[in-house]
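Generate coordinates for the sequence data below:
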Amino acid sequence: MEPISEAHVARPGLAVVEIAACDDQTALAVQELLATRWATATADRTTRVAGEPGVRLRCYLDVRQELLS
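Have a look, this model is predicted:
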């Protein structure tokens, strides 16, 4: 994965979340749960690291912007 950009954590309330899961479906489901609560820049695919188990996914959250149900 690319290094985390300073812009993504420049202010309180901004967060980078890295998800590790056994498969794509699980990682994407966790991301979807986060996106139902906060403004989220989502990823459309996971990545695999050679020699490491499972998949990885990174998404960016703005927890200052809580979504209304």
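
hang on, isn't Q31 packed against L57?
Yes: using C-beta atoms under 8 Å, Q31 is in contact with L57, at 6.0 Å. Every C-beta, even on glycine, is put in place using the N, C-alpha and C of the backbone.

burial of the nearest residue to R58 once chain neighbours are set aside, as a residue count?
Excluding the flanking residues, the one nearest R58 by C-beta to C-beta, 6 or more residues apart in numbering is E18, at 5.0 Å. Using other C-beta atoms under 10 Å, E18 has 11 other residues around it.

And for R45?
Using other C-beta under 10 Å: R45 sits among 9 other residues.

which helices and strands sit right next to the helix or strand where the residue nearest to R58 lies?
Assigned by DSSP states H and E, E18 belongs to strand 14-21. Other elements packing on strand 14-21 under the criterion 3 or more C-beta pairs under 8 Å, 6 or more residues apart in numbering; DSSP states H and E are helix 24-35, strand 55-66.

can you list those in JSON lines and add mean pLDDT?
Listed next are the helices and strands packed on strand 14-21 as JSON lines, based on pLDDT from 0 to 100:
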{"stretch": "helix 24-35", "mean pLDDT": "95"}
{"stretch": "strand 55-66", "mean pLDDT": "89"}
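
Closest to the centroid, which residue in this protein?
C59 (2.3 Å; C-alpha atoms, centre = their mean).

quick one: the nearest residue to R56 once chain neighbours are set aside from L57, how far?
Among residues not flanking R56 along the chain, T47 sits closest, at 5.1 Å (C-beta to C-beta, 6+ apart). T47 sits 7 Å away from L57, going by C-beta to C-beta, to the nearest Å.

out of the two, which sits in the more crowded spot?
L57 (22 against 11).
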